[in-house]
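**Q** Prediction below, plus the sequence it came from.
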Amino acid sequence: MITYDRLFIGGRWTAPSAPDLIEVRSPHDGSLVGRAAQAGPADVDRAVAAARAAFDEGPWPRMAPEERIRAVARFDELHLARAAEIAALITAENGSPHWFTSMLQPAVSVQTQGYLRAAGELAWEERRPAAGGGETVVRREPVGVVAAVIPWNAPHQSALAKLVPALLAGCTVVLKPSPETALDGLLLGELFAEAGFPDGVVSILPGGREAGAHLVAHPGVDKVAFTGSTTAGRAIAGAAAETFKRVTLELGGKSAAIVLEDADLDQVVAGLKYASFGNNSEACVAQTRILAPRSRYEEVVAAVAALAEGLAVGDPADPATFLGPMVRADQAERVRSYVELGVREGARLVTGGPGIPQGLEGGHYVRPTVFADVDNAMRIAREEIFGPVLVVIPFDDEDEAVRIANDSPYGLGGGVWTADREHGLEIARRVRTGTFNVNGASPDMAAPFGGFKASGVGREFGAAGLAHYTELKTIAV
């Protein structure tokens with residue numbers, strides 16, 4: 001069992017303001033994984049004060065960009081060296097299957113390397129002739145103190161998508177991990193301490209909604225970077241607007257996978273296994289709306305149902321498991337309630353259902369479920385379920401497929417499956433989402449990532465993500 005009885009405030013391990021500890025329990029069987037100190041508003045105040053002092057008076061924002069690049073690269077080496085340990089811990093905390101965490105943790109270094117390259121190539125200060133004579137200096141300066149608020153489903157990926165660009169830009173950061181993954185959040189503190197960042201630059205405060213709300217609204221914070229639900233994102237944007245905080249919001253999704261008539265169905269199913277069911281379908285980019293041509297509709301329904309029925313569901317620590325439990329009991333119940341809703345809405349339940357998989361009653365498990373004969377107006381087609389529930393929606397022609405894909409409050413991800421890659425690219429250009437893939441192509445973790453519409457504001461990864469942690473200053477000389 002792991003215990004962190006202190007918080008990481010301003011680079012120092014500090015006793016929390018209250019003795020309450022977060023109990024982290026396995027979603028597989030309820031066993032105790034560990035305990036972590038829980039931050040309250042007083043701890044937030046201390047962390048923001050340390051970050052404010054470090055930004056206003058400390059060396060970090062005033063270092064040459066090359067020095068910050070070296071410091072972050074040092075951290076990345078330390079983080080990558082412990083990838084297997086971190087992956088196992090996250091699996092124990094949130095139920096993400098071993099195959100997913102063991103793949104994602106090394107990939108986080110690829111994400112960080114993209115930021116490091118962007119920082120090395122960025123024009124931090126440019127001098128140019130002014131139109132009216134004289135000279136203009138254009139500078140990129142750090143935005144200030146950053147509040148980074150992250151979810152539990154891919155905690156280190158989400159945390160470092162914010163911490164790394166903020167630090168490279170010269171910002172100071174207060175990170176609030178979710179209570180469900182408090183242990184791996186505080187493990188990051190060990191790595192930042194070992195990497196030798198200056199006092200005040202990084203704080204890590206696991207806590208609940210009260211701590212998060214206090215941090216987001218804090219007058220000492222200049223920017224909020226958030227990943228989570230669209231509902232929470234709206235509240236954060238409203239709170240940030242009171243003091244004109246900058247925001248980046250990576251929010252929910254209800255992504256569509258468009259299967260064209262010429263698609264190789266074996267390839268489609270192989271890709272949807274990961275695009276739709278990856279990380280227990282607790283993924284904002286999950287492709288949970290499958291759009292199929294009427295000419296092949298029943299064929300697609302049968303193939304997707306067979307995929308769901310063939311998934312190995314069970315202990316997420318077992319390498320043979322593909323689908324683990326939901327993170328909490330209430331999340332499992334929420335997913336089951338959507339399955340019941342789909343039946344009431346008149347959709348055809350092809351496989352799965354609201355029950356618990358046999359033999360897994362001691363954990364937060366749900367049955368992978370597929371609905372057919374779904375209308376895009378149904379709630380199961382419009383609302384983010386965040387669990388392994390897929391809907392298969394028919395279309396008559398490609399124009400209708402694009403219209404259905406775009407008929408969503410969200411716009412985060414999606415994909416198209418076709419024998420003609422260039423035609424797939426044409427379809428991709430017509431779908432209003434921030435990311436999209438053709439035939440399951442892997443994403444570039446240095447390319448911009450984010451959403452249209454209710455899926456968010458701003459972008460993460462690479463140069464686009466780094467830019468969100470800077471302000472432009474123009475100086476006339």
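**A** Looks like it arrived, so ask away.
**Q** Parallel or antiparallel, list what pairs with the strand or helix carrying residue 415.
**A** Per DSSP states H and E, residue 415 falls inside strand 414-417. Each strand paired with strand 414-417, and its direction, by DSSP bridges: strand 255-259 (parallel), strand 437-438 (parallel).
**Q** can you list the ones you listed in JSON lines and add distance to residue 454, mean pLDDT and mean neighbour count?
**A** No exception for glycine: its C-beta is placed from N, CA and C like everyone else's. Converted to JSON lines, the strands paired with strand 414-417 look like this (distance: least, CB to CB, whole Å; pLDDT from 0 to 100; neighbours: other CB atoms under 10 Å):
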{"stretch": "strand 255-259", "distance to residue 454": "13", "mean pLDDT": "98", "mean neighbour count": "29"}
{"stretch": "strand 437-438", "distance to residue 454": "21", "mean pLDDT": "98", "mean neighbour count": "20"}
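**Q** now for these, which one comes closest to residue 105?
**A** Each of the strands paired with strand 414-417 was checked against residue 105 via CB to CB, and the shortest separation belongs to strand 437-438, namely 22.0 Å.
**Q** ok, back up a step: let's have the strands paired with strand 414-417 in a markdown table, adding distance to residue 220.
**A** Formatted as a markdown table, the entries for those read as follows, by distance: least, CB to CB, whole Å:
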| stretch | distance to residue 220 |
| --- | --- |
| strand 255-259 | 37 |
| strand 437-438 | 40 |
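**Q** Relative to residue 174, which of those strands is closest?
**A** In terms of CB to CB, the element of those nearest to residue 174 is strand 255-259, at 31.1 Å.
**Q** Tell me the buried residues in the next helix or strand after the strand holding residue 415?
**A** From strand 414-417 onward toward the C-terminus, using DSSP H and E, the following helix or strand is helix 421-430. By neighbour count, and taking 16 or more other CB atoms under 10 Å as the criterion, the buried residues in helix 421-430 are 424, 427, 428.
**Q** okay but the last one is in contact with residue 438, surely?
**A** Yes. If you go by CB atoms under 8 Å, residue 428 and residue 438 touch, sitting 6.0 Å apart.
**Q** hey, what's in contact with both of the two?
**A** Taking CB atoms under 8 Å, 6 or more residues apart in numbering as the criterion, residue 428 and residue 438 both touch residue 416.
**Q** if I pick the spatially closest residue to residue 29 that is not a sequence neighbour, what's in contact with it?
**A** Counting by CB to CB, 6 or more residues apart in numbering, residue 29 lies nearest to residue 362, which is 5.1 Å off, once chain neighbours are set aside. For residue 362, the contacting residues are 28, 29, 30, taking CB under 8 Å, 6+ apart as the criterion.
**Q** nearest residue to the last one other than its sequence neighbours?
**A** Counting by CB to CB, 6+ apart, residue 362 is the residue found nearest to residue 30 once chain neighbours are left out, at 6.6 Å.
**Q** where's the one you found, which helix or strand?
**A** Using DSSP H and E, residue 362 sits within no helix or strand.
**Q** now swap in residue 370 and tell me
**A** When elements are assigned from DSSP H and E, residue 370 belongs to strand 369-372.
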